[in-house]
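Sharing a model prediction with you, sequence too.
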Amino acid sequence: MTETHLSQKFTQLQKAKETPKNTFPKIQRVAHYLRGRKHFAHHYSPRLVSIGPIHHGKPNLELGEKYKLMWAAKYLERTKQDAQTLYQKIASNIEQLKQRFAEDVIRDFPDDEKLSWMLFVDGCSLLQILDKGNLNDPHEMNVKVDQLVLVWQDVLLLENQLPYKVLKDLSGHQNDATLVNSMNNFLNYHHLSPVRPEQRQENHDDKDEERALDEDGYTSVVVDNEDTQQHEEHRIEIRKELPFHLLDQLRRYVLDDPLEEPRHQKGDKENSERDENTNDDMTTYRNIGELRTAGIKLKVEKSRRLRDISFSYRWMCLCAELTLPEITVDDTTAPTFHNLIAYEMCPDFENSFDICSFVAFMDSLIDHPEDVKELRSAKVLQNALGSDEEVAKLFNTISTDLVPNTESYSKVRWKIEKHYRKKYRAWIAQGYHTYFSNPWAIIAFLAALFAIVLTFIQTWFAINPRDPC
């Protein structure tokens, strides 16, 4: 190695520490160590439409290219916007937009005009999908429902994302709130949505309007006052960072409701107390079967937010409950979780690994099909995938190679462990579950107790007969 070449190497080494850190996660490919896992790669690739540059031009997506042109034309007609004006918005900002992509992603687009046109068409078509991609009415998109289902899955892939700024420039909205609400309305129908199925149409018609942010970043909500039985309108400031793309908004949406603090983060005294004698290193992961054996009952959390997992006692510590959010498992569950996990594992995305932690926690509860059956019986899990064995295998597979945040659900794990270590609590909880979990069990217990009392009285009088007067 020559002295000049060696000098260049040392200069390169010196500059390496000065490399600026990204202020936002760039749209990039799924990490090779995730995509390279056996049977996992197909979860990251689109099947009908490509959005953005990564899968653009692939032969198997030619039909999707025709659909995107149609949807873009429909979008322009519906919103009464001029195509050339919108295209110029993208073209004039192309240098700034290129910074939203990883270098290897736009390497195949040296021509800015080609890249600008692709972003323009894909952006308009995605906005049409967000507004009109209703699975209950696929005719709005001029496709069959089976194709629209594929579109739904494709637009939520990590490698199929567009920068939020592209959508904002093409949306024609003066404020960001309208576009974010459009994203949320679309995501309402996702199986991970915190909105319950029976509330979706109602929310679409009324509640989304009530909770829409105005230009100042506030939202007005109607709150029932239980004491006065009156409706009060509160204007709540919920200024939040704008999403980086649609997948990022899905992650935010399923994890957090800006109007309410997550349950596991609430500062109640019981959740904040720690037993100094408890060694956190000894915390173990127990499946549903073991929890039931210890007298821990499952309860469904109606909020449907993935963060809302808690452990508590009722009836003077007679009943132990593990509360879990309701979740639907279907054909879209695996690709959705795989892509959300891949997004959290992007090297430039600073986050607390909430999705990874939730999947790891569920995997710790599910070892066997019987565990899935218990979750179904408690109405925590809705199985639209197939057999319970398939669901168990799905969670065991998704959790492969995950590195969750050790702080996530640590209080829940600690409480479960504390319950295990105090055996009398487990016995009490088991007794409550056995004899007082339903009216028939209570009646049977009381009948048995009454029979024992009668037997005791009969025996007493047999041993101690009363003298006749």
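Great, that's in hand.

confidence score at the residue most central in space within the chain?
In the chain, the centroid-proximal residue (CA atoms, centre = their mean) is Val254; its distance is 4.0 Å. Val254 carries a pLDDT value of 92.

I figured it hits His191, correct?
No. In this structure, Val254 is not within contact of His191 by CB atoms under 8 Å, at 9.8 Å. In short, each C-beta sits where N, CA and C put it, glycine included.

burial of the nearest residue to Arg376 once chain neighbours are set aside, as a residue count?
Closest residue to Arg376 apart from its sequence neighbours, by CB to CB, 6 or more residues apart in numbering: Asn383 at 5.8 Å. Residue neighbour count, defined by other CB atoms under 10 Å, stands at 16 for Asn383.

contacting residues for Asn383?
Asn383 is in contact with 329, 372, 376, 391, counting by CB atoms under 8 Å, 6 or more residues apart in numbering.

Now do it against Gln12, distance only.
As defined by CB to CB, to the nearest Å, Asn383 lies at a distance of 54 Å from Gln12.

And for Asp330?
Taking CB to CB as the measure, Asp330 falls 50 Å from Gln12.

For the two, work out which one has more neighbours and name it.
Asp330 (14 against 9).

Now do the contacts for that one.
Contacts of Asp330 were listed using CB under 8 Å, 6+ apart, and they are 191, 384-385.

a markdown table please, covering those and showing pLDDT.
Conversion of the contacts of Asp330 to a markdown table gives the following (pLDDT from 0 to 100):
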| residue | pLDDT |
| --- | --- |
| His191 | 85 |
| Ala384 | 91 |
| Leu385 | 89 |
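
could you dump those residues to CSV with secondary structure and distance to Leu306?
Compiled in CSV, the contacts of Asp330 are given as follows (DSSP: H, G, I helix; E, B strand; the rest coil; distance: CB to CB, whole Å):
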residue, secondary structure, distance to Leu306
His191, coil, 12
Ala384, coil, 18
Leu385, coil, 18
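
Mind giving me the ChimeraX select for the residues you listed, buried ones only?
Selection command for ChimeraX covering only the buried members of the contacts of Asp330, criterion 16 or more other CB atoms under 10 Å:
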select :191,385
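
Mind exporting the C-alpha coordinates of stretch 22-39 to CSV?
As requested, C-alpha coordinates have been extracted for stretch 22-39 and formatted as CSV (Å, rounded to 0.1, in the frame of the first residue of the first chain):
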residue,chain,number,x,y,z
ASN,A,22,-30.2,11.7,9.6
THR,A,23,-32.9,13.8,11.1
PHE,A,24,-35.6,11.5,9.7
PRO,A,25,-35.7,7.9,8.6
LYS,A,26,-35.1,7.6,4.9
ILE,A,27,-37.2,5.3,2.7
GLN,A,28,-35.0,2.3,2.2
ARG,A,29,-34.8,-1.4,1.5
VAL,A,30,-35.5,-4.0,4.1
ALA,A,31,-32.3,-5.0,5.9
HIS,A,32,-30.7,-8.0,4.3
TYR,A,33,-30.5,-9.9,7.6
LEU,A,34,-34.3,-9.7,7.7
ARG,A,35,-35.1,-10.4,4.1
GLY,A,36,-32.6,-13.2,3.9
ARG,A,37,-34.5,-15.3,6.5
LYS,A,38,-36.1,-18.5,5.1
HIS,A,39,-39.8,-18.1,4.0
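
Which residues belonging to that stretch are considered buried?
By 16+ other CB under 10 Å, the buried positions in stretch 22-39 come out as 24-30, 34-35.

cool, stretch 391-406 as well?
Residues of stretch 391-406 classed as buried under the neighbour-count rule (16+ other CB under 10 Å) are 391-392, 394-395, 398-399, 402, 404.

Inside strands: which ones of those residues?
Taking DSSP state E as the definition of strands, these contribute nothing to them.

what residues are up against the residue nearest to His245 when sequence neighbours are not counted?
Excluding its sequence neighbours, the residue lying closest to His245 (CB to CB, 6+ apart) is Gln161, at 3.9 Å. Counting by CB under 8 Å, 6+ apart, Gln161 makes contact with 27, 51-52, 244-248.

Where do the strands of the protein begin and end?
According to DSSP E, the strands that the chain contains are 218-225, 230-237, 296-301, 310-314, 319-325, 327-329, 381-383.

Check what contacts stretch 361-371 and list those residues.
Identification of contacts with stretch 361-371 by CB under 8 Å, 6+ apart yields 285-289, 291, 309, 372, 375, 387-389, 391-392, 395-396, 398-399, 404, 408-409.

how many neighbours does Gly172 have?
Number of residues near Gly172 (other CB under 10 Å) recorded here: 15.

List the residues that contact it.
The neighbours of Gly172, taking CB under 8 Å, 6+ apart as the test, are 79, 81.

Can you pull the phi and psi angles for it?
Note on Gly172: backbone dihedrals following degrees, to the nearest 10 are phi 80, psi 0.

Look at it and report its pLDDT.
On the pLDDT scale, Gly172 is placed at 81.
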